[in-house]
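Engineer: fold the stuff below for me.
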Amino acid sequence: MSIKPQYADLIFEGTKTVELRRRCPKVEKGDLVLVYVSGPRMALVGAFEVGGLIEGSPASVCKEWLKATGVTKEVFMKYFDGCARAYGIQIKRAWQYDSATELKVLRKRKGGFQPPQSYRYVRPGEFQRLLA
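Structural biologist: Down below sits the predicted model:
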């Protein structure tokens with residue numbers, strides 16, 4: 001999952017415990033999400049375990065979960081502008097890898113690797129090559 005650097009930092013600090021999404025992610029409680037930090041860092045830096053999925057109107061999700069998202073109400077509402085539904089991934093636990101794997105290294109390990117715009121699914125064999 002691609003996450004902006006400032007939000008990834010909050011996840012690994014433990015202050016951001018809900019990752020927001022405009023589209024419903026196909027994740028379930030217990031799933032593993034790899035965290036790819038977008039530009040300018042452009043690296044696979046860690047992962048988190050999904051604690052659950054949040055879904056509701058933007059207003060209801062904002063009211064109940066805003067503090068856990070790491071954004072202001074204005075940023076939240078702008079992000080979901082025009083959306084009938086808002087989604088959030090609850091972060092049960094997060095960890096950073098000992099060393100980040102930069103995009104150029106990911107491309108060497110898996111030819112043609114493209115970081116996700118939002119998120120993408122990784123097959124088990126692909127997972128091992130990315131982290132090797």
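Engineer: where in the chain is pLDDT low?
Structural biologist: 116-132 (pLDDT under 70).
Engineer: that one: strands as residue ranges?
Structural biologist: All strands of the chain, identified by DSSP state E, fall at 2-3, 18-21, 32-37, 43-56, 86-102.
Engineer: so for Thr72, which of the ones you listed sits nearest?
Structural biologist: Closest to Thr72 of these is strand 18-21 (CB to CB; 12.4 Å). Glycine gets a C-beta too; all of them are placed from N, C-alpha and C.
Engineer: dump the C-alpha coordinates for the closest one into CSV.
Structural biologist: Provided in CSV are the C-alpha atoms of strand 18-21 (Å, rounded to 0.1, in the frame of the first residue of the first chain):
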residue,chain,number,x,y,z
VAL,A,18,-6.6,4.2,11.0
GLU,A,19,-5.5,4.5,7.3
LEU,A,20,-8.1,6.2,5.2
ARG,A,21,-9.2,5.1,1.7
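Engineer: parallel or antiparallel, list what pairs with that strand.
Structural biologist: With DSSP bridges as the test, strand 18-21 is paired with strand 86-102 (antiparallel).
Engineer: can you mark which positions in the strand it pairs with are buried?
Structural biologist: Neighbour counts over strand 86-102 (16 or more other CB atoms under 10 Å) mark Ala86, Tyr87, Gly88, Ile89, Gln90, Ile91, Ala94, Ala100, Thr101 as buried.
Engineer: how far does the longest helix seen in the chain sit from its chain's centre?
Structural biologist: Determined from DSSP state H, the single longest helix within the chain is helix 58-69. When distances are taken as CA atoms, centre = their mean, to the nearest Å, helix 58-69 is centred 17 Å away from the chain's centroid.
Engineer: kind regards, and thank you for your time.
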